[in-house]
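Asks: here is a sequence together with a model predicted from it:
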Amino acid sequence: MTPRPTHILRHEHRVIEQAMRALETMCLKLRTGDNVPVESLTQTLDFIRNYADRFHHTREEEYLFPLLEQTDLAEGSAMAFLREEHQLERELLVEFDLAIQEYKFAGADAVPHLTSVADQFCKHLIGHMQKEDSLLFRLTEEMLEEDEKIALMHNLSSESESFGQTLIQKYEHLAAELENDWAF
């Protein structure tokens, strides 16, 4: 079976979920008084910033959303809503970065703020991906013509080459490693 653009994007969601499971466990450990190395948090931040946002979200915004905006879906402003969610995630990512820096210097005193921001980010991102998985990708398959899906697949592949296969593999490995080290 030929890979579909939605299969590629769903795969990326599963990779992102691995890092989110790790982050959720890190927060749980922090709340119970366990130590979580700053390095683990900064690796998670790096993964989210580069793989989830710069790679995955950018590809959706540059290639998938514009195609869907040309369909009847644009009338309901669903794409504007999803773009706003991406922007909110970027804002939460800045807060998460600051909370990690605070934790780095203040230790246990910074745990409540750090875990609050991380939890908010995880819940938002996971909910966002669930919306895309259950609705957006189904609509993509139903509403786009076959030639549009082929063009989208080509654009996603080109963007992967631009980002770099080695970098993609690095981040997919990092997500698996974080999940293995932290998730229950």
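Replies: Arrived safely, thanks for sending. Numbering: from 1, shown residues only.

Asks: how about residue 144, phi and psi?
Replies: phi -90, psi 140 (degrees, to the nearest 10).

Asks: give me the nearest residue to it, chain neighbours excluded.
Replies: residue 67 (6.1 Å; Cβ to Cβ, 6 or more residues apart in numbering). Where C-beta positions appear, they are placed from N, C-alpha and C, glycine not excepted.

Asks: which residues touch the one helix or strand residue 169 maps to?
Replies: Using DSSP states H and E, the element containing residue 169 is helix 165-182. Here helix 165-182 makes contact (Cβ atoms under 8 Å, 6 or more residues apart in numbering) with 15-16, 18-19, 21-23, 25-26, 29, 40, 43-44, 46-47, 50-51, 55, 160.

Asks: for PyMOL, what selects the buried ones among the residues you listed?
Replies: Selecting just the buried residues from these in PyMOL takes one command, with 16 or more other Cβ atoms under 10 Å as the test:
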select buried, resi 15+16+18+19+21+22+23+25+26+40+43+44+47+50+51+55
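
Asks: picking up where we left off before, now the helix holding residue 169: how far from the chain's centre is it?
Replies: Helix 165-182 sits 13 Å away from the centroid of its parent chain (Cα atoms, centre = their mean, to the nearest Å).

Asks: list the buried residues in it.
Replies: 168, 171-172, 174-175, 178-179, 182.

Asks: helices or strands up against the helix ranked longest in the chain?
Replies: Longest helix in the chain, counting residues (DSSP state H): helix 78-106. Under the contact definition 3 or more Cβ pairs under 8 Å, 6 or more residues apart in numbering; DSSP states H and E, helix 78-106 sits against helix 38-47, helix 65-69, helix 111-131.
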